[in-house]
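Trainee: show me the folded form of this:
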Amino acid sequence: MEPTSETSTSLRAERGPIGVYVHFPWCLKKCPYCDFVSFAEDRARIDHEGYADAVLAELAHRAPALQGRELATIFFGGGTPSLWDPAHLGRVLAAVLESASRKAPEIEVTVECNPTSLDEERARALRAVGVNRLSVGVQGLDAGRLSFLGRLHTPEGGIDALHAALRAGIPRVSGDLIYGVGGAQPAKAGQTPDEAADDARRVVETGVTHVSAYSLTIEPGTQFGELARRGRLPIAPDDSVAGAFFAVEEALGSAGLEHYEISNYARPGDEARHNLGYWRGDDYLALGCAAYGTLSSNDGSAMRYRNTPDPRRYAEAARAGSPLVSSEEQLDPETRLRERIMLGLRLREGLDLDAAAESLGVTAWTDPRRRAADRLVASGRLEIDGGRLRLPKRAWIFADGIAASLF
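Mentor: Below you'll find the predicted structure:
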């Protein structure tokens with residue numbers, strides 16, 4: 001049964017929770033695989049106070065978007081936000097909380113960290129200003145692979161950073177890993193599935209309750225992307241990457257972590273709530289240089305914006321009272337439904353296509369989508385339960401292609 005225009009408008013008017021993303025654009029070193037906007041800089045040369053002032057000025061301009069919404073999560077990403085002086089990060093955090101008209105009972109506040117900028121003292125300082133979740137970029141536990149990935153820390157440094165966060169009393173700590181890494185040298189083989197699983201076991205043995213495990217992707221515009229274009233980058237074969245995916249899943253499942261999203265595992269209740277908001281299609285307000293935000297309208301459409309990627313120009317514009325936006329994109333309801341399909345099928349719970357379509361005021365089951373879904377079900381790559389779509393585990397490695405066929 002299709003929703004009436006009256007009920008659809010009512011449902012769309014009841015907008016759900018909102019998250020806030022704050023981008024910190026500096027790192028000690030730019031990793032060769034990273035396609036996020038970040039700039040290598042020594043911590044002492046970063047204008048910690050000035051950047052916080054700029055973000056606060058932008059927040060004053062954007063705060064109306066938080067009115068009437070329940071603030072659920074705040075995420076400091078980068079870059080390496082653990083480089084940011086905790087006092088100034090705390091100023092931004094306090095202002096975001098103050099700007100919200102309604103707050104979730106337990107707001108999740110995450111800061112991304114690199115082991116080179118996280119010790120127990122820094123973790124305690126972050127906890128003192130209200131941070132309750134750290135996501136630590138361990139990435140690997142082999143010295144050669146870490147060097148290949150351009151990381152500054154040692155295997156021991158990654159484990160030490162996780163222990164430091166836990167000793168500091170951070171309520172929730174995630175360890176992040178990259179698998180599917182090719183040979184660091186022509187004479188050295190790439191990472192095996194067993195080695196990927198061993199990294200995962202060693203990380204979870206520290207006591208963390210969440211692990212993110214991503215396959216190495218080669219993005220255009222990165223150092224690795226250029227090397228790959230010239231045929232000079234060792235790349236792990238697809239069967240090895242797939243083997244690592246399932247080996248990591250088995251290792252973390254045996255340790256009691258549930259595989260709740262293609263690249264993420266958690267003990268029940270410790271899922272990354274901010275990222276769940278992305279995957280479920282929630283709105284998010286973005287602050288800071290190069291940050292992306294998406295804010296919906298009552299008609300099912302949304303505006304996606306991106307702040308200027310130049311830190312100096314961003315700060316100047318923000319302080320002048322007009323945050324400099326480098327791009328804006330109007331997303332119509334059908335485009336948003338396709339995004340919901342793409343992201344929702346990454347989740348173990350899948351996507352309630354009927355509910356998503358109703359909330360956006362569009363048709364869930366077009367004839368081409370129904371035919372594509374029937375073919376996927378027949379091939380064992382899609383399960384449909386009422387209006388909910390989900391992928392069987394064996395099909396997770398094909399998620400992007402399956403989602404695209406449902407557009």
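Trainee: quick check: longest helix of this protein.
Mentor: For the chain, the helix that runs over the most residues, judged by DSSP state H, is helix 238-254.
Trainee: packing partners for the following helix or strand past that helix?
Mentor: Note on helix 238-254: by DSSP states H and E, the next helix or strand toward the C-terminus is strand 258-261. Counting contacts by 3 or more Cβ pairs under 8 Å, 6 or more residues apart in numbering; DSSP states H and E, strand 258-261 packs against helix 238-254, strand 264-266, helix 273-280. Placement of C-beta: from N, CA and C, glycine included.
Trainee: dump these into JSON lines; add mean neighbour count and distance to residue 67 as well.
Mentor: What follows is the helices and strands packed on strand 258-261, written out as JSON lines (neighbours: other Cβ atoms under 10 Å; distance: least, Cβ to Cβ, whole Å):
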{"stretch": "helix 238-254", "mean neighbour count": "18", "distance to residue 67": "40"}
{"stretch": "strand 264-266", "mean neighbour count": "24", "distance to residue 67": "31"}
{"stretch": "helix 273-280", "mean neighbour count": "20", "distance to residue 67": "18"}
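Trainee: could you pull out the strands in the stretch 251-400 of the chain for me?
Mentor: Defined through DSSP state E, counting those that start in this stretch, the strands belonging to the stretch 251-400 of the chain, from first to last, are 258-261, 264-266, 283-287, 292-296, 302-307, 325-331, 351-352, 383-385, 388-390.
Trainee: for residue 80, find the nearest of the ones you listed.
Mentor: With Cβ to Cβ, the closest approach to residue 80 among these belongs to strand 283-287: 16.9 Å.
Trainee: that older thread, what mean pLDDT does the longest helix of the chain have?
Mentor: Mean pLDDT, taken over the full extent of helix 238-254, equals 95.
Trainee: now it: how far from the chain's centre is it?
Mentor: Using Cα atoms, centre = their mean, to the nearest Å, the mean C-alpha position of helix 238-254 is found 21 Å from that of the whole chain.
Trainee: can you check stretch 326-336 too?
Mentor: Stretch 326-336 sits 20 Å away from the centroid of its parent chain (Cα atoms, centre = their mean).
Trainee: ok, now stretch 217-227?
Mentor: Put simply, stretch 217-227 sits 20 Å off its chain's centre (Cα atoms, centre = their mean).
Trainee: CA atoms only: put it into CSV for me.
Mentor: Coordinates of the C-alpha atoms in stretch 217-227 are reproduced here as CSV (Å, rounded to 0.1, in the frame of the first residue of the first chain):
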residue,chain,number,x,y,z
THR,A,217,41.6,0.6,-1.1
ILE,A,218,43.6,2.5,-3.7
GLU,A,219,42.1,5.9,-4.3
PRO,A,220,42.9,8.3,-7.2
GLY,A,221,44.8,11.4,-6.1
THR,A,222,46.8,9.6,-3.4
GLN,A,223,50.4,8.6,-3.4
PHE,A,224,49.3,5.0,-3.7
GLY,A,225,46.9,5.9,-6.4
GLU,A,226,49.7,7.4,-8.5
LEU,A,227,52.0,4.4,-7.9
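Trainee: list phi and psi for residue 56.
Mentor: Here the main-chain torsion angles of residue 56 (degrees, to the nearest 10) amount to phi -60, psi -40.
Trainee: and the closest residue to residue 103 other than its chain neighbours, what does it touch?
Mentor: Distances taken as Cβ to Cβ, 6 or more residues apart in numbering put residue 71 closest to residue 103, at 5.0 Å, once the chain neighbours are dropped. For residue 71, the residues meeting the contact criterion (Cβ atoms under 8 Å, 6 or more residues apart in numbering) are 17, 18, 19, 20, 96, 97, 100, 102, 103, 104, 107.
Trainee: out of these, who has the most neighbours?
Mentor: Counting by other Cβ atoms under 10 Å, residue 20 has the largest number of neighbours within the contacts of residue 71, with 30 neighbours.
Trainee: what's the helix or strand that one falls within packed up against?
Mentor: When secondary structure is defined using DSSP H and E, the element that contains residue 20 is strand 18-24. Under the contact criterion of 3+ Cβ pairs under 8 Å, 6+ apart, strand 18-24 touches strand 70-78, helix 86-99, helix 273-280, strand 283-287.
Trainee: which intervals of the chain have sub-threshold pLDDT?
Mentor: Applying pLDDT under 70 to the chain flags residues 1-14, 183-189.
Trainee: which strand is the longest one in it?
Mentor: In the chain, assigned by DSSP state E, the strand with the most residues is strand 102-113.
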